[in-house]
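Enquirer: Got a sequence here, can you model it:
(one chain, ligands or ions: 1)
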Amino acid sequence: MRTSHERGIAEVTITVESTIKFPYKRSLGPVIGPFMTALAEQRFIAIRSGSRVICPPLEWDPETAAELPRDFVDVGPAGTVCTWSWVSRPTEQHPLDRPFAFALIKLDGADTALTHVVDVESIDQMSTGMRVAPRWRAERLGHITDVEAFVPGEEAITVNGGVPGEPVTMMSYDASITYKIPVSDNTIKAHEATAQGRLVGLKCPVCERIYARDRGFCPIDTVELTDDHEVELPQRGVVTSYTIITPVQYPGQTETEPFSRVMVLIDEIDVVMMYQPLVDVPVEDVRIGMRVAVVWASEAEKADAGRPGNLVGWMPTGEPDNTDPSLANRIM
Ligand SMILES: [Zn+2]
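Expert: As a prediction, this is how the structure comes out:
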């Protein structure tokens, strides 16, 4: 997750921008696979369905759902814009970093339309019925983006070389979403407390439950929680449950060895902090009942991390274990 802070101009609101991204691979199957392979060769193929020619090709007849014979035919490369939509402010997830059109393009010889990008300098150059042709990328992978964009005209812009030797059977994709959320006053206070090495919560004046410092309200009583409800929490507790995580090496994973996350029941009050890091304890030594205390980042660690404060995790205190068997039931 990437975060950044910015202040709006109209009102002084701090927002945090987050990006959640996860990559996946999918197999393409017997029809999309050849379609993608053809793209790498700077060709478009369609599939015959009765008297119709369908592009992009489908495995199944869209009307009867019957499996189609693999009767492929070349179409395009030029085509006609059936309809289009102008993107005046592209985001980082759009295929071009300047204004462009998304268009349904019926390639010559096809009866159905392909969705793609038309790269023109302004919306005035777009029209339904306009003729377009593909501009191919030099580096082609067997992906729909092997066509960088369609451009006005009849002639495809082709590039020599760059063809993968093997048929394309898999597609890699990064699903990604970026969003901004405003940062509440309570969240700012929570960070300030952490920077000061304080463990604090907010106590509901009605039910007396204690919540994390960044919580805005008690969900049981719908009471707003403010600075008036702040309480200091003891910085010691007991492990009530734990999980050993064996890291899978997905992109962005920085852990390589198995590690633990523990639930800590705070001393004297009825609060369980969930999924806390345990510091300097081999995974085989993690156990329910272990007495632990907060570890804060050192000044050097804070400087390294480029942030004011940080709860690093929890460390054994060396006290005898709590042997109460009901502890295992306290996961929240
Ligand atoms: Zn309450």
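Enquirer: Show me which residues of this protein sit near the ion.
Expert: Within the chain, the positions adjacent to the ion are Cys204, Val206, Cys207, Cys218, Ile220, Asp221 by CB under 5 Å from the ion. Yep, even glycine has a C-beta here, placed from its N, CA and C like the rest.
Enquirer: mind running it again at 6 Å?
Expert: Counting by CB under 6 Å from the ion, the chain comes close to the ion at Cys204, Val206, Cys207, Arg209, Cys218, Ile220, Asp221, Val223.
Enquirer: What about Glu43, how many residues nearby?
Expert: One correction, residue 43 is Arg, not Glu. 16 (other CB atoms under 10 Å).
Enquirer: nope, Arg26 is what I was after
Expert: Using other CB under 10 Å, Arg26 is surrounded by 10 other residues.
Enquirer: Look at the nearest residue to it once chain neighbours are set aside and tell me its secondary structure.
Expert: Nearest residue to Arg26, sequence neighbours excluded (CB to CB, 6 or more residues apart in numbering): Met171, at 5.4 Å. What DSSP: H, G, I helix; E, B strand; the rest coil gives for Met171 is strand.
Enquirer: how close does Met171 get to Glu17?
Expert: 28 Å (CB to CB, to the nearest Å).
Enquirer: now swap in Pro95 and tell me
Expert: Going from Pro95 to Glu17 by CB to CB gives 21 Å.
Enquirer: Over to Arg48?
Expert: Here the criterion is CB to CB. By it, Arg48 lies 48 Å from Glu17.
Enquirer: now Thr80
Expert: 40 Å.
Enquirer: Compare these two and say which is more crowded by neighbours.
Expert: Thr80 (17 against 14).
Enquirer: now the more buried one, what's its secondary structure?
Expert: strand.
Enquirer: how many neighbours does the nearest residue to it once chain neighbours are set aside have?
Expert: Using CB to CB, 6+ apart and skipping the chain neighbours, the partner closest in space to Thr80 is Lys106 (5.2 Å). By the criterion of other CB under 10 Å, Lys106 has 18 neighbours.
Enquirer: Residues contacting the helix or strand encompassing Lys106, please?
Expert: Following DSSP states H and E, the helix or strand that holds Lys106 is strand 100-107. When contacts are defined by CB atoms under 8 Å, 6 or more residues apart in numbering, strand 100-107 is touched by residues 44, 46, 55, 75-87, 90, 94, 112-120, 123, 126, 132, 149-150.
Enquirer: okay, it in CSV with CA atoms only?
Expert: Taking Å, rounded to 0.1, in the frame of the first residue of the first chain, the C-alpha atoms of strand 100-107 are listed here in CSV:
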residue,chain,number,x,y,z
PHE,A,100,-8.4,9.9,-25.5
ALA,A,101,-11.6,8.1,-26.6
PHE,A,102,-12.8,4.7,-25.6
ALA,A,103,-14.6,3.3,-28.7
LEU,A,104,-16.4,0.3,-30.0
ILE,A,105,-14.6,-0.5,-33.3
LYS,A,106,-16.0,-2.8,-35.9
LEU,A,107,-13.0,-4.2,-37.7
